[in-house]
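>>> have a look; sequence and predicted model below, questions after that.
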Amino acid sequence: QVQLVESGGGLVQAGGSLRLSCVASGRFFSINPMGWYRQAPGKERELVATITSGGSTNYANSVKGRFTISRDNAKNTVDLQMNSLKPEDTAVYYCYAQFFRTSSTYSRSDYWGQGTQVTVSS
């Protein structure tokens with residue numbers, strides 16, 4: 001069984017910074033990609049950023065230039081450094097990973113962390 005555990009959420013004033021971390025555990029062949037999504041009250045879950053095992057990144061337009069995603073393949077971790085935070089960044093942030101049980105592309109499954117609250121006050 002695989003698991004994603006997040007940490008690092010909290011309350012911060014607008015313009016401040018937070019760093020989210022997520023660690024994957026369990027038995028798997030590989031993880032690709034890893035990333036972060038968020039869900040604000042009354043809204044659908046949306047992509048924030050993803051990163052492949054090779055380091056290729058993808059960001060939502062709303063966070064480009066402010067957020068940075070990074071990954072440590074050896075430790076199975078993915079971090080999200082969030083700078084210049086805005087009230088509209090307030091949401092529950094979910095770690096995401098696509099796990100592969102074997103080398104086959106058909107062995108993949110999507111997993112989510114439990115979510116961590118980020119609140120940005122104005």
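Ah, there it is. Residues are numbered from 1 along each chain as shown.

>>> what distance do you get for the residue nearest to the spatial centre of the chain to residue 20?
Nearest to the geometric centre of the chain sits residue 36, at 2.2 Å (CA atoms, centre = their mean). Going from residue 36 to residue 20 by CB to CB, to the nearest Å gives 7 Å. In this view, the C-beta of every residue, glycine as well, is placed from N, C-alpha and C.

>>> hey, what's in contact with both of those two?
In the contact map built from CB atoms under 8 Å, 6 or more residues apart in numbering, the residues linked to both residue 36 and residue 20 are 80, 93, 95.

>>> phi, psi of the residue of the chain positioned farthest from its centre?
Using CA atoms, centre = their mean, the residue of the chain lying farthest from its centre is residue 104. It sits 24.4 Å away. Phi and psi for residue 104, reported as degrees, to the nearest 10, are phi -80, psi 140.

>>> could you list the buried residues of stretch 9-19?
Residues of stretch 9-19 classed as buried by neighbour count (16 or more other CB atoms under 10 Å): 9, 12, 18.

>>> make that stretch 101-118, sorry
Applying a neighbour-count criterion of 16+ other CB under 10 Å, one finds 108, 111, 113, 115-116, 118 buried in stretch 101-118.

>>> how about the strands in the protein?
For the chain, the strands defined by DSSP state E cover 3-7, 10-13, 18-25, 30-39, 46-51, 57-59, 67-72, 77-82, 91-100, 108-112, 116-121.

>>> can you add mean pLDDT and give those back as TSV?
As requested, those are exported to TSV (pLDDT from 0 to 100):
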stretch	mean pLDDT
strand 3-7	95
strand 10-13	98
strand 18-25	97
strand 30-39	96
strand 46-51	98
strand 57-59	98
strand 67-72	98
strand 77-82	98
strand 91-100	97
strand 108-112	95
strand 116-121	98
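
>>> okay, now residue 91: neighbour count?
Other residues lying near residue 91 total 22 when counted by other CB atoms under 10 Å.

>>> ignore what I typed, I meant residue 72.
11.

>>> and it, what does it touch?
Taking CB under 8 Å, 6+ apart as the test, what residue 72 contacts is residue 78.

>>> ok, and what's touching stretch 48-57?
30-38, 58-60, 63, 67, 69-71, 73, 78, 80, 93, 96.
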